[in-house]
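# Sequence and predicted structure are below.
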Amino acid sequence: MVRASRRNASAIKGSAVAASVDWTPPETDDEIDFRFVPGPKLAKALINAVGEQSERGRHLMAFFGCLYYAANRPGEAVSLREDDFTLPEEGWGEVLLSVSMPRVGSRWTDTGESFDTRGLKKRARKATRPVPIPPVLMRLIREHINKFSTAENGRLFRAAQGGHLLSKEYGEAWKAARLAVLTPSEAASSLADVPYSMRHAGVSLWLESGVSPAEVARRAGHSIAVLFRFYAKAIHRNQQRSNDQIERALKAAEQE
């Protein structure tokens, strides 16, 4: 009886505490704020500004080019090797993504290194993702290989002292590029505030150019649901242009 009384008392006390801290977490807004996503002109200016930061900045130009022109995640771009690229003399090329190397801390990897080699985000470990790349990115990759060669394992991008490229290192180059290109008020805002902004800019460019959401999702490595959640405004603008085109075609048909 004593034990039962104690259990009942504990249950009552727990209920009282739960009632006193009852809390519903606020809804989160995952949708990207496009006021702070750089457009094509600004994206190009930022990449060029990275390249104007001495030899080290020139080494990182192609890295940021991959984030923008191929919408790579930073962890995907860090792991890129020369063999991942198809670079024809004319037309568009391709980059075949198969690995992401986020920095997770040596405690959390099998090798004891601070980077973990993983499959692509939300994909089977051996899955690959081919992404077409425009001539401007092909030029950046060729120039990078000609000037800096590659690491022994073929990896394109390296830290200043060798080894894996660190987010701190390319983050500092990005901060300097923002200060060089943006006005003081823009630099104080969230405009292109982190390197990942270039991936958002690349995906937005594809949508604004009229690429179908399904193809954009495939190239970006998103599900359709995630694409619609994050890029709803850009998709809506693209759909409106499509509606206008259909309406013009219908009106033309009525006038015949």
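Sure, I can see it. Residues are numbered from 1 along each chain as shown.

# Flag the shaky bits of the stretch 101-250 of the chain, pLDDT-wise.
Low-confidence segments of the stretch 101-250 of the chain, defined by pLDDT under 70: 101-126.

# Break down the protein into its strands, ranges please.
85-86, 93-97, 129-133 (DSSP state E).

# Report all helices and strands that the second one contacts.
I take that to be strand 93-97. strand 85-86, strand 129-133, helix 135-148 (3 or more Cβ pairs under 8 Å, 6 or more residues apart in numbering; DSSP states H and E). (Each C-beta comes from the backbone N, C-alpha and C, glycine too.)

# Buried residues of it, list them for me.
Residues of strand 93-97 classed as buried: 93, 95, 97 (neighbour count, 16 or more other Cβ atoms under 10 Å).

# right, and residue 223 touches residue 217 too?
Yes - applying Cβ atoms under 8 Å as the test, residue 223 and residue 217 come out as touching, 6.4 Å apart.

# between these two, which one's more packed in?
Set side by side, residue 223 and residue 217 show more neighbours around residue 217, with 20 against 12, by other Cβ atoms under 10 Å.

# List the residues that contact the more buried one.
223, 224, 226, 227 (Cβ atoms under 8 Å, 6 or more residues apart in numbering).

# Quickly note the distance from the third one to residue 194.
Computed with Cβ to Cβ, to the nearest Å, the distance linking residue 226 and residue 194 is 19 Å.

# same thing with residue 86?
For residue 86 relative to residue 194 (Cβ to Cβ), the value is 29 Å.

# ok, longest helix in the protein?
helix 232-255 (DSSP state H).

# Could you pull up the residues touching residue 40?
201, 205.

# Give me the pLDDT for it.
Here, the pLDDT recorded for residue 40 equals 97.

# show me where the stretch 51-200 of the chain has helices.
Counting by DSSP state H, counting those that start in this stretch, the segments of the stretch 51-200 of the chain that form helices are 54-69, 74-78, 135-148, 167-181, 184-187, 197-208.

# For residue 158, state which of the contacts of residue 217 is nearest.
Closest approach between those and residue 158, by Cβ to Cβ: residue 226, at 31.2 Å.

# The closest one: neighbour count?
There are 14 residues near residue 226, going by other Cβ under 10 Å.

# Over to the one 4 residues further on?
For residue 230, the count of nearby residues is 18 (other Cβ under 10 Å).
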